[in-house]
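Q: what's the 3D shape of this:
(4 chains)
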2 protein chains.
Amino acid sequence: MHKIGDFSRLSQVSVKALRYYDEIGLLKPAHIDPFTNYRYYSSEQLPRLNRILALKDLGLSLEQIGLLLVDELPVAAMQAMLSDKQAEIARAVEEQRARLARVEARLRQIEREGQPPAYDVVLKPVEPQLVLGARDVVACYGSGDELFGRVVQHLGRHGLDPASCYPLQTLYYDPEYRESDVDMMVAAPLPRPVPDGDGVHVEELPGVRVASVVHQGPYDALGGAYRALLEWLDTHRYCITGPNRNLYLQGPGDDADSATFVTEIQFPVEPRHPHAAG
Amino acid sequence: MHKIGDFSRLSQVSVKALRYYDEIGLLKPAHIDPFTNYRYYSSEQLPRLNRILALKDLGLSLEQIGLLLVDELPVAAMQAMLSDKQAEIARAVEEQRARLARVEARLRQIEREGQPPAYDVVLKPVEPQLVLGARDVVACYGSGDELFGRVVQHLGRHGLDPASCYPLQTLYYDPEYRESDVDMMVAAPLPRPVPDGDGVHVEELPGVRVASVVHQGPYDALGGAYRALLEWLDTHRYCITGPNRNLYLQGPGDDADSATFVTEIQFPVEPRHPHAAG
DNA sequence: GCGAAAAGTCCCCGATCTTGTGCATCACGC
DNA sequence: GCGTGATGCACAAGATCGGGGACTTTTCGC
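A: You can find the predicted model right below:
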């Protein structure tokens, strides 16, 4: 029988840890003096302690180890828990590798451009939203004004302040970039349903995961933001799964100078080849 | 200007988190109403928030991000921090992969043997220790009794109780297993130096990292423990760097039945090919 | 347009999660 | 009297989340 200090030296486990393992029931001393409360450990408890250390080394929590150390545990249970752990670690490794790839990509970008990236791409979910939409094929990207007019007018007709339908947005349905004959929709989120009308209709935009960037400044510089986002999608192996959206977070309607316009670009995406990331 | 809730919806960052970022100075609202203390955020703050999210996604802490977001930060500083992070993640990946390998090895072992391993190998440091040693080439493994005798006698001559020189141990110096003519030493840790004597000497055993298993039961079953340990060293790519030791934690001298003998086997080791673990 | 109810916001304290470490205080015994 | 043991509380580390009580703002009914 060893006092806790001796057992600690023997096992290279700190006294505090031994007391903690006692407290959580993982390794009770072989004997406790009822008068002094001194803990006494037996050499025969070393194998159990070593098993605890070995399982801890596999990444199992003390709680899980406690479950595994129950006597007569079916082998299948041990296998199940280790398999779970295996899957968990594999997932963690994959995630870390992806993160490493992201860090490397950013480093390379700084290297290449000599400065931090101008745009930061973030992935985020967008909730489904009920919108009033005006969709049409227009001559060019700049000629959606008439669609905005339709939407704002219709909102007014049904007692909705356009400011309460924030943010106004546009969606682009062409599968590839087009200079002319652009299939686009202007959409305004609705706090409550309204009837359809002349050239406008109510629909629910689906919820999607998007990659987004926020552009600040006049619209003629939006191209850089688009390029940055598309390049990011390429580098990080995402593919586009739906019409992209522009959200006019701060625009001409907000009494703002064009230098302070704020526009968010969203592309619905999903990972491409998740198993071939490296 | 948006109230915190609106900005939260816009950015998909929780209100709580926004308040926290304010508190730690990472993202102060563009305006705070001096009467109500309401926070008001501007759309133009979204790029900064997105940069925060992007850096967070790279695994940087909020504190580090705060350092990186200082205006006019030299590019080199950003690169340095990202490089550090890159190295850190690479290390983490490597460690996780090693752990994954350990879990897989254990699973395979259970698969193969149909039951959990009988021995758990743990790596641990052993401190240097001053010992009284009796070294000789003896006929076979079992014939070290005379060496034990020498040591115990010498201890007694200098007023030391063998019980205070715990645990007695043996070291085996042959570079490979031998059936006969075994070069071994019996050693007893010393609480204080004693003079050398007939066939015994004082020396300091070096501190080493060892792989160890604990065997419980009679000595004729020690072979299984040895095999388990050596197999583990092979599987986990460790090589032996010194004489192995047996520690007699509970043995014939402790009033014990041979079924309750407890012996620890230690092999000094170091990793073999650390870069070729997978 | 007014009052009341509902929703949003404030700040502050504490919990989370894990595996312990550090410190203070008191008891035991060689 | 010093080393060792006991107990118990606090703290750690990081990034929030939860809840409570007090205000403020918005909305809804009339």
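Q: The stretch 101-250 of chain A: helices as residue ranges?
A: A:145-157, A:222-235 (DSSP state H, counting those that start in this stretch).
Q: between these, which gets nearest to residue A:3?
A: helix A:222-235 (60.4 Å; Cβ to Cβ). All C-beta spots, glycine's among them, are computed from the backbone N, C-alpha and C.
Q: can you put the helices of the stretch 101-250 of chain A in a markdown table and add distance to residue A:188 and mean pLDDT?
A: A markdown table is the format used below for those (distance: least, Cβ to Cβ, whole Å; pLDDT from 0 to 100):
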| stretch | distance to residue A:188 | mean pLDDT |
| --- | --- | --- |
| helix A:145-157 | 5 | 89 |
| helix A:222-235 | 20 | 94 |
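Q: What is the helix or strand of chain A with the lowest mean pLDDT packed up against?
A: Ranked by mean pLDDT, DSSP states H and E, the weakest helix or strand in chain A is helix A:145-157, scoring a mean of 89. For helix A:145-157, the packing partners by 3 or more Cβ pairs under 8 Å, 6 or more residues apart in numbering or on different chains; DSSP states H and E come out as strand A:129-138, strand A:182-189.
Q: So is the shortest one next to DNA strand D?
A: No - contact of strand A:182-189 with DNA strand D (Cβ under 7 Å from any atom of the strand) is absent, the minimum separation being 13.0 Å.
Q: How about the residue in the stretch 151-278 of chain A that DNA strand C sits nearest to, nearest residue that isn't a chain neighbour?
A: Closest residue of the stretch 151-278 of chain A to DNA strand C, Cβ to the nearest atom of the strand: residue A:191 (11.1 Å). Excluding the flanking residues, the one nearest residue A:191 by Cβ to Cβ, 6 or more residues apart in numbering or on different chains is residue A:164, at 6.0 Å.
Q: Next one: the residue with the largest distance to the centre of chain A relative to residue B:190, how far apart?
A: Farthest-out residue of chain A from its mean C-alpha position, per Cα atoms, centre = their mean: residue A:35, at 56.3 Å. For residue A:35, the distance to residue B:190 (Cβ to Cβ, to the nearest Å) stands at 33 Å.
Q: Residue A:248 and residue A:166 touch, don't they?
A: No - at 9.1 Å, residue A:248 does not count as touching residue A:166 under the criterion of Cβ atoms under 8 Å.
Q: Up against DNA strand D, what does the stretch 151-278 of chain A have?
A: So the stretch 151-278 of chain A meets DNA strand D at residue A:164 (Cβ under 7 Å from any atom of the strand).
Q: low-scoring stretches of the stretch 151-278 of chain A, by residue?
A: For the stretch 151-278 of chain A, the stretches flagged by pLDDT under 70 are A:274-278.
Q: ranges for the strands of chain A?
A: Taking DSSP state E as the criterion, chain A carries its strands at A:2-3, A:31-32, A:39-41, A:122-126, A:129-138, A:169-172, A:182-189, A:201-205, A:208-216, A:238-240, A:244-250, A:262-271.
Q: Please dump those into CSV; it should also carry mean neighbour count and distance to chain B for every row.
A: Shown next, in CSV, are the strands of chain A (neighbours: other Cβ atoms under 10 Å in any protein chain shown; distance: least, Cβ to the nearest Cβ, whole Å):
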stretch, mean neighbour count, distance to chain B
strand A:2-3, 18, 9
strand A:31-32, 12, 15
strand A:39-41, 20, 11
strand A:122-126, 15, 5
strand A:129-138, 19, 11
strand A:169-172, 21, 12
strand A:182-189, 22, 11
strand A:201-205, 15, 15
strand A:208-216, 22, 5
strand A:238-240, 16, 14
strand A:244-250, 22, 4
strand A:262-271, 21, 4
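Q: Residue of chain A nearest DNA strand C, please.
A: Closest point on chain A to DNA strand C, by Cβ to the nearest atom of the strand, is residue A:16, at 3.1 Å.
Q: what's the burial count for that residue?
A: 10 (other Cβ atoms under 10 Å in any protein chain shown).
Q: for residue A:21, same thing?
A: For residue A:21, the count of nearby residues is 20 (other Cβ under 10 Å).
Q: ok, it - contacts?
A: Applying Cβ atoms under 8 Å, 6 or more residues apart in numbering or on different chains, one finds that residue A:21 lies in contact with A:27, A:49, A:52, A:62.
Q: excluding its backbone neighbours, what's nearest the third one?
A: Nearest residue to residue A:52 in three dimensions, chain neighbours excluded: residue A:65, at 5.6 Å (Cβ to Cβ, 6+ apart).
Q: Who are the contact partners of the one you found?
A: Going by Cβ under 8 Å, 6+ apart, the list of residues near residue A:65 reads A:26, A:52, A:55-56.
Q: ok, residue A:167 to chain B distance?
A: According to Cβ to the nearest Cβ, to the nearest Å, residue A:167 stands 8 Å off from chain B.
Q: isn't that residue right up against residue A:189?
A: Yes - using Cβ under 8 Å, residue A:167 and residue A:189 qualify as a contacting pair, with a distance of 7.5 Å.
Q: What is the neighbour count of the residue of the stretch 151-278 of chain A closest to DNA strand C?
A: 11.
Q: which residues pair with residue A:185 across the strands?
A: For residue A:185, the beta-bridge partners are residue A:135, residue A:171 (DSSP bridges).
Q: Show me which residues of the stretch 1-150 of chain A sit near DNA strand D.
A: A:3-6, A:15, A:19, A:36-39.
Q: Who are the contact partners of residue A:106?
A: Residue A:106 sits in contact with A:117, B:58, B:82, where contact means Cβ under 8 Å, 6+ apart.
Q: which ones are touching the last one?
A: Residues in contact with residue B:82 (Cβ under 8 Å, 6+ apart) are A:103, A:106-107, A:110, B:58.
Q: again, only this time at 6 Å
A: Going by Cβ atoms under 6 Å, 6 or more residues apart in numbering or on different chains, residue B:82 touches A:103, A:107.
Q: domains of chain A?
A: Following automatic domain parsing, chain A resolves into domains at A:2-68, A:77-117, A:122-276.
Q: and the shortest one, anywhere near DNA strand C?
A: Spelled out, that is domain A:77-117. No - judged by Cβ under 7 Å from any atom of the strand, domain A:77-117 and DNA strand C are separated, with a smallest distance of 12.1 Å.
Q: What average pLDDT does that domain get?
A: Here domain A:77-117 scores 92 as its mean pLDDT.
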